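1. Using only what follows, build the 3D model:
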Amino acid sequence: MVIVVALSVVELADGWAEEHALALSAIHLLSLLACVVAELGLIRMGEELLRGRRAHLKFWTMKALFVANTMFGRAFKRVVKGDVVVGELCYSRETLVAAWAGGCTAVFAFFVAVLAAVAFTPADLEDRAEEAAATESAPAADV
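-> Numbering: from 1, shown residues only. A predicted model of the protein is given here:
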């Protein structure tokens, strides 16, 4: 998180950021990958507690939009080369990149919503305290 904020501040210096765009993109990508690995580690640590609750699927429904938004933003930064002038209106390159990336992310969000419908079930709302109490009161097996 700190890396993303620091990179955003660095990108305010347009000239320097354009000269070092490849390095900044690589740092953004490494930061995103580090976050995914850390979150997967957290899921693995809580796997026993979350057993049967589709933790990995829920993780990807949440993370997929962040990854897709970053991916589409980076892709359209490479595709859109300049401003577009329509009559007296001028759409800057940054505006066009944001519009295309946002539009593609919105379409991708439909598929993530379908994934979320599978990942988040009504059973997730049930109180698991009864199950925990039943597990604790069960006699321990002799080894």
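2. in whichever helix in the chain runs longest, what's buried?
-> Criterion DSSP state H: the longest helix present in the chain is helix 93-119. By 16 or more other C-beta atoms under 10 Å, the buried positions in helix 93-119 come out as 96-98, 100-101, 104-105, 108, 112, 116, 119. Placement of C-beta: from N, CA and C, glycine included.
3. tell me the least confident of those residues?
-> In terms of pLDDT, residue 119 ranks lowest among these, with 85.
4. Now for the residue lying closest to that one once chain neighbours are set aside, which secondary structure element holds it?
-> Spatial nearest neighbour of residue 119, chain neighbours left out: residue 57 (4.0 Å); criterion: C-beta to C-beta, 6 or more residues apart in numbering. Using DSSP states H and E, residue 57 maps to helix 55-79.
5. Summarise which helices and strands the next helix or strand after that helix is packed against.
-> Of the helices and strands lying after helix 55-79 in sequence (DSSP H and E), the nearest is strand 84-86. In this structure, strand 84-86 packs against strand 89-91, with contacts taken as 3 or more C-beta pairs under 8 Å, 6 or more residues apart in numbering; DSSP states H and E.
6. thinking the residue nearest to residue 119 is in contact with residue 112, fair?
-> No: using C-beta atoms under 8 Å, residue 57 is not in contact with residue 112; the gap is 11.1 Å.
7. tell me the centre residue of the protein?
-> For the chain, residue 66 is the residue whose C-alpha lies nearest the centre (C-alpha atoms, centre = their mean; 2.5 Å).
8. can you tell me which residues contact the closest residue to it other than its chain neighbours?
-> Closest residue in space to residue 66, ignoring its immediate chain neighbours: residue 32 at 7.7 Å, by C-beta to C-beta, 6+ apart. By C-beta atoms under 8 Å, 6 or more residues apart in numbering, residue 32 lies in contact with 66-67, 70.
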